[in-house]
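Q: got a structure for you, letters missing:
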């Protein structure tokens, strides 16, 4: 067999290796082809004012949380991952991390029932049935969690359920007390 | 009576279906054109291979409404596209802009095409040269003549 005939085989093996690598990364959760690179880190968080989930006459406004780092968590009762991460959000609350929830495209009563049943990890919950905030924050799925620092700058974003690993990798360093 | 109920139920289901159709009003034909253009240029982030005009995903519905309300506010196409890109990145555009980061994507196919044509021409030329450079001795020529001419039932006599 001439040396040249080996070239296609080598190319094939190299490609297979690349595909295998990507698949392994996907299975480990290191790489998600549906992830959209966020343009948002380091930019000022859009201001918002939404009606409260608990009382339509009350407003939840971003300006109320300025001065300290806080988390913005977009969720919905229709989103299975949100149920999964709920317990971890409660843990964060216990550690004193302020989390503002945004109930996205949801049924008001169902959302209230979920919080009543599982516990409420949020300092305030805004109700966003028309994706007003969601589009403004470039949200394309739930849950998504943003970290907004004391100056109102978005410092981190995570698409998917929060957990201890994600917290330590992306968020913890911004809460030196936490 | 029973028919009355049936018809009422039918009408109800019809109106329930009809309420899903979005009706947007525009101030001008130009605004409507801009809406149509934008909704086919923006990608649905949920289904990812559909534009937001085509998609039934809830987020796409809301994005359509956002595009419409921004048009009504007097924003032009570029402002709305920029608004979406700022939030969702270049990915939200079906046609990403040509810049340093995307140059490989835009030019790559043409480079590959030229490379392929060059490789093909080269191999054709090589094959031609190989055929032309065949050297045979007189004995082989003789043999060839035998094979060509001395077939017993060769009817062609030229």
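A: All right, it came through fine. In this text the structure is predicted, and so the values were computed from the model without any measurement. Residues are numbered from 1 along each chain as shown, chains lettered A, B, ... in the order given.
Q: mean confidence score for the top helix by length along chain B?
A: When chain B is parsed with DSSP state H, its longest helix is helix B:103-132. The pLDDT scores in helix B:103-132 average 92.
Q: near chain A, anything from it?
A: No. Contact of helix B:103-132 with chain A (Cβ under 8 Å from any Cβ of the partner chain) is absent, the minimum separation being 11.5 Å. For glycine as for every other residue, the C-beta is placed from the backbone atoms N, C-alpha and C.
Q: Could you point out the helix or strand that follows that helix?
A: Next helix or strand after helix B:103-132 toward the C-terminus (DSSP states H and E): helix B:138-149.
Q: so how far is that next one off the chain centroid?
A: Here helix B:138-149 is found 57 Å from its chain centre; the criterion is Cα atoms, centre = their mean, to the nearest Å.
Q: what's that helix packed up against?
A: The contact analysis (3 or more Cβ pairs under 8 Å, 6 or more residues apart in numbering or on different chains; DSSP states H and E) places helix B:138-149 against no helix or strand.
Q: residues touching the closest residue to residue A:129 other than its chain neighbours, list them.
A: Using Cβ to Cβ, 6 or more residues apart in numbering or on different chains and skipping residues adjacent in sequence, the residue nearest residue A:129 is residue A:105, 6.0 Å away. Going by Cβ atoms under 8 Å, 6 or more residues apart in numbering or on different chains, residue A:105 touches A:76, A:78, A:128, A:129, A:130, A:131, A:134, B:58, B:62.
Q: which one in the residues you listed is the model shakiest on?
A: residue B:58 (87).
Q: Run a quick neighbour tally on it.
A: Around residue B:58 there are 15 other residues, counting by other Cβ atoms under 10 Å in any protein chain shown.
Q: Tell me how far it lies from chain A.
A: Per Cβ to the nearest Cβ, to the nearest Å, residue B:58 is found 6 Å from chain A.
Q: Over to residue B:23?
A: Residue B:23 is 16 Å from chain A, by Cβ to the nearest Cβ.
Q: Next one, pLDDT for the residue nearest the centre of chain B please.
A: Per Cα atoms, centre = their mean, the C-alpha nearest to the average position across chain B is that of residue B:94, at 9.8 Å. Note for residue B:94: predicted pLDDT of 86.
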